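Trainee: Need a 3D model of the following:
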Amino acid sequence: MRQELLSLPKGLAEEVSKNLVMVARLIDDEPEQAYAYSRIALRLASRVAAVREAAGFAAYATQKYSEALAEFRAAKRMTGSVELWPVMADCERGLGRPERALAMAGEPEVQKLDKAGQVEMRLVAAGARRDQGQLEAAIVTLQSPELASSSVQPWTARLRYAYADALLAAGREDEAREWFGKTLEADKDGATDASDRLAELDGVEFVDAAVDLSDIDVDEDEDDEEEGEDAAEIAAAERATDVAEYYDEDDEEYEPLEQSEADSEADSDADVEDDEPDTGRDKA
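Mentor: Numbers count the residues shown, from 1 in each chain. Predicted structure coming up:
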């Protein structure tokens with residue numbers, strides 16, 4: 001990508017790069033915002049393959065499959081690479097054309113994919129079979145050396161999960177439970193909800209332990225009294241803050257705020273206490 005951006009004027013390259021960085025940051029959690037940034041990059045540099053690819057993934061994340069497919073095709077023409085072939089086939093599924101996705105799974109481009117790309121293509125083809133209601137065919141499609149392997153690769157958890165889900169859809173519950181368990185073993189990052197699916201199969205129910213406030217009796221009179229005391233304290237604090245914050249006694253125009261009746265009574269009580277004779281109780 002960096003090499004492609006070097007073909008642009010420096011200032012333009014920096015602006016495009018900033019937008020592509022935002023696409024990458026937001027695409028998982030805020031895809032709509034990522035899509036907006038991708039459109040800006042696309043307006044600035046539509047002849048850069050990396051920009052077309054980023055725009056394609058942003059559109060794909062927001063389920064704009066027709067637009068995504070167009071961008072992926074453009075990127076493929078520019079680079080000659082087939083690495084986008086599986087996601088292009090999945091766009092066909094998103095557009096309601098599973099038969100086209102299956103046709104793409106049989107094209108020579110698939111043989112040019114790396115191992116990860118071939119597994120991804122197998123997942124898309126199995127999904128297309130399920131779209132057509134061919135559950136057993138989907139299960140057979142997923143059966144592969146990669147599925148049978150005990151080694152854990154980046155695609156292992158997703159492949160096992162798809163297989164378990166297809167088994168469950170076909171009513172093969174015991175096998176599905178086994179493969180959800182195998183998925184959990186490979187899913188160290190929690191990318192799937194295999195643990196929840198296993199719990200569901202085992203009849204485990206999760207109960208919300210949050211306290212229901214409606215079950216707690218509240219003494220309304222006591223509550224109102226406390227609120228009244230709090231309000232009086234807040235009002236007194238606000239008056240004190242007003243005097244300290246907005247008036248300066250050294251200012252010639254300083255005029256202290258008028259005391260409330262309650263404050264005046266409090267000051268009078270304090271003066272009376274000060275005038276009482278010292279009885280010497282503190283000198284015992």
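
Trainee: Could I get the pLDDT score of residue 86?
Mentor: Residue 86 carries a pLDDT value of 98.

Trainee: Low-confidence ranges, the stretch 101-250 of the chain, go.
Mentor: Counting by pLDDT under 70, the stretch 101-250 of the chain contains low-confidence ranges at 205-250.

Trainee: Repeat the analysis, applying 90 as the threshold.
Mentor: 188-189, 202-250 (pLDDT under 90).

Trainee: just the helices in it please.
Mentor: 115-131, 135-142, 145-148, 156-169, 173-186, 194-201, 220-246 (DSSP state H, counting those that start in this stretch).

Trainee: In JSON lines: those, plus distance to residue 40 and mean neighbour count.
Mentor: (C-beta placed from N, C-alpha, C; glycine too.) As requested, the helices of the stretch 101-250 of the chain are exported to JSON lines (distance: least, CB to CB, whole Å; neighbours: other CB atoms under 10 Å):
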{"stretch": "helix 115-131", "distance to residue 40": "29", "mean neighbour count": "21"}
{"stretch": "helix 135-142", "distance to residue 40": "39", "mean neighbour count": "19"}
{"stretch": "helix 145-148", "distance to residue 40": "39", "mean neighbour count": "12"}
{"stretch": "helix 156-169", "distance to residue 40": "32", "mean neighbour count": "22"}
{"stretch": "helix 173-186", "distance to residue 40": "38", "mean neighbour count": "18"}
{"stretch": "helix 194-201", "distance to residue 40": "38", "mean neighbour count": "16"}
{"stretch": "helix 220-246", "distance to residue 40": "46", "mean neighbour count": "10"}
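
Trainee: Would you mind putting those into TSV with distance to residue 73 alongside?
Mentor: Shown next, in TSV, are these (distance: least, CB to CB, whole Å):
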stretch	distance to residue 73
helix 115-131	16
helix 135-142	25
helix 145-148	28
helix 156-169	25
helix 173-186	33
helix 194-201	34
helix 220-246	65
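
Trainee: Tell me which residues of stretch 22-35 come out buried.
Mentor: If you call a residue buried by 16 or more other CB atoms under 10 Å, then stretch 22-35 has these buried ones: 22, 23, 26, 27, 31, 33, 34, 35.

Trainee: can you tell me which two in the residues you listed are farthest apart?
Mentor: 22 and 31 (12.0 Å; CB to CB).

Trainee: Next, residue 202: phi, psi?
Mentor: Here the main-chain torsion angles of residue 202 (degrees, to the nearest 10) amount to phi -90, psi 0.
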